[in-house]
Every structure is written in C-alpha cells, then in structure tokens.
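Enquirer: predicted model and sequence follow; I will ask about them next.
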Amino acid sequence: MRFVTAMEDVNSTGDPLPPKCVVIHVRVAELKQLFNSIDPSPFRNKDLDPKAEEFIVGWAKDIPRDTALALMVELDRPAGLPDEAAVLRDAIHEFFRQRAHAFRQRMRELFRVGRTSLLIGLAVLAGAIALGDFLGSVLKGSRIGEIVREGLTIGGWVSMWRPLEIFLYDWWPIRNEARLADRLSLMPVRIRYMDQAATEAWRADWPAASSQTGKRDKELEAGQVDQPKDT
C-alpha cells in the first residue's frame, strides 16, 4: 500500500489512478487466483477468493475514509487480451456492489428483529411491573413481597437488553462495512504486468482464455470465422 503522486507504470493498463490515492497492491501469478474457484457463476458475477477479499478489505479498513482508493494487481505473466483490465475491474466492482447490498439487507433484517424485540421487551417489562405491583400490594408489609416485586422489575428490564443492544451497538458496524464496500466498488483497478512467465502464459489464464473463447463463439455464430471442416 502506498500513496501515488506520479503517473502510472508504462507496463500497466486499466483505470487511471487519482493523484494522492492509496494503492492496494495484490500480486498473483494468474488472474483466476483472485476468484473463488468453486463458484460456477459467470466471470462478472464471480465471488472473490476469500483470502483475496480479506486482504483487500483489511488494507482498506486502515485507510482514512476521505482518502481515494485504488487497486493494483501485479500479474506475473505478460499482457493478454486488450480488455482484460476492464473485465477484471467490472468483476471486482460487481462483487463489492453485491457485498454492499448484502450488508444493507442484513442491517434492514437486524432492524426488523430489533423492532420485534422492542415490542416484546416493552410488553414483558409492562407485565413484570404490573405483576410486581400487584403482588407487592397483596403481600404489603412483607419482605418477600418486596423481593418479588424488585425481582420482576429487574427481569422486565433485562428483557429490554436485546433491542437496546441492536439499536445502540449492533447496527453501526454493519453500516460501516456497507460504506467500505461502496468505496471498494468504485475504486480504479489497474494491472501491472511483471513479464515473469512465458509469453503465451495468458492463454492458460482465466478470464483471458474464456474471454477469447467467448469472442470466437460469437464470431462463429456471425459467420466471421471459418468453422473446421471434417476430414
């Protein structure tokens, strides 16, 4: 992670980096290492690998909220298809957009549980106070009556613990996670090619190879590429 004040490396491609932004560096041998290998979703909707997500989010949490973020993926292989940086950016942005949506959905569910818990807590508290006052009047002048009344009052207030915990403490960490995911869903993404692998190494990578296959399939459907003839 570092502040960027100069122009981007000539051996990189992707989004331009804002001045004085903090760049999170991730180094991988292949782009497919950034994504969950067991997720069958299309590339643009694929989840990040849990370790990659933890690394990116962990660094981003230490950066002040008013500081611009950027992601630099240092790739051991040479450049592949011209649009792979844009495809990677779209996939990362979509992942964090979905994460932000999930956090907000979780917060709405938490508030729903909080409202229900509050109604239950208020009902229990009112019932406990009313029952305590009744038993206190029945056992007026008795030490046992005072103990029962105080015990019911304390029990009634204990029933308010869960809604108070939700509305005072539980919701704001989730909101912060949603805001962080929003920032990550907008950050520029660049790829820096380290050229430490074979020239054709990109053909075995994903999404480069899958993108090339999809492009060829479209060309075949449009009749722009000759199909192989049977021999």
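Expert: That came through, no problem. Residues are numbered from 1 along each chain as shown.
Enquirer: after the helix or strand of the chain with the lowest mean pLDDT, which helix or strand is next? Please name it.
Expert: For the chain, counting by mean pLDDT, DSSP states H and E, strand 2-4 ranks last in confidence among helices and strands (a mean of 45). Sequence order places strand 12-14 as the next helix or strand after strand 2-4, per DSSP states H and E.
Enquirer: so residue 72: helix, strand or coil?
Expert: Three-state call for residue 72 (DSSP: H, G, I helix; E, B strand; the rest coil): strand.
Enquirer: my guess is it contacts residue 188. True?
Expert: No. Using Cβ atoms under 8 Å as the test, residue 72 is too far from residue 188 to be in contact (9.1 Å). All C-beta atoms are positioned from the backbone trio N, CA, C, and that covers glycine.
Enquirer: need the overlap of contacts for those two.
Expert: Common neighbours of residue 72 and residue 188, counting by Cβ atoms under 8 Å, 6 or more residues apart in numbering, are residue 17.
Enquirer: in terms of neighbours, single out the busier of these two.
Expert: Neighbours per residue, other Cβ atoms under 10 Å: of residue 72 and residue 188, the larger number sits with residue 72, 23 against 18.
Enquirer: quickly list what the more buried one is bridged to.
Expert: The partner list for residue 72 in beta bridges (DSSP bridges) reads residue 25, residue 190.
Enquirer: how much space between it and residue 91?
Expert: Remark: distance between residue 72 and residue 91 (Cβ to Cβ, to the nearest Å) = 16 Å.
Enquirer: spatially central, which residue of the protein would that be?
Expert: residue 99 (3.6 Å; Cα atoms, centre = their mean).
Enquirer: the spatially closest residue to residue 21 that is not a sequence neighbour: how many residues sit nearby?
Expert: Nearest non-adjacent residue to residue 21, counting by Cβ to Cβ, 6 or more residues apart in numbering: residue 68, 3.7 Å away. Neighbour count of residue 68, defined by other Cβ under 10 Å: 18.
Enquirer: before we move on, what about residue 186?
Expert: Counted by other Cβ under 10 Å, the residues lying close to residue 186 total 11.
Enquirer: give me phi/psi at the residue of the chain most remote from its centre?
Expert: In the chain, the residue that sits farthest from the middle, by Cα atoms, centre = their mean, is residue 141; the gap is 60.5 Å. Main-chain dihedrals, residue 141, degrees, to the nearest 10: phi 90, psi -10.
Enquirer: distance check, it against residue 69.
Expert: Here residue 141 is placed at a distance of 69 Å from residue 69 (Cβ to Cβ).
Enquirer: what's stretch 115-131 in contact with?
Expert: The set of residues external to stretch 115-131 that reach it, using Cβ under 8 Å, 6+ apart, is 152-153, 155-157, 159-163, 166-167.
Enquirer: domain map for this structure?
Expert: Split into domains by automatic domain parsing, the chain comes to 2-100+186-204, 101-178.
Enquirer: of those, which shows the lowest average pLDDT?
Expert: Comparing mean pLDDT over these, the weakest stretch is domain 2-100+186-204, at a mean of 85.
Enquirer: from start to finish, how long is stretch 181-193 in a straight line?
Expert: 26 Å (Cα to Cα, to the nearest Å).
Enquirer: meant to ask about stretch 174-193
Expert: End-to-end distance for stretch 174-193, by Cα to Cα: 36 Å.
Enquirer: tell me which residues of it are tucked away?
Expert: For stretch 174-193, burial by neighbour count (16 or more other Cβ atoms under 10 Å) applies to 174, 177-178, 180-185, 187-193.
Enquirer: what segments of this protein are helices?
Expert: 50-61, 84-138, 143-158, 161-165, 171-184, 208-222 (DSSP state H).
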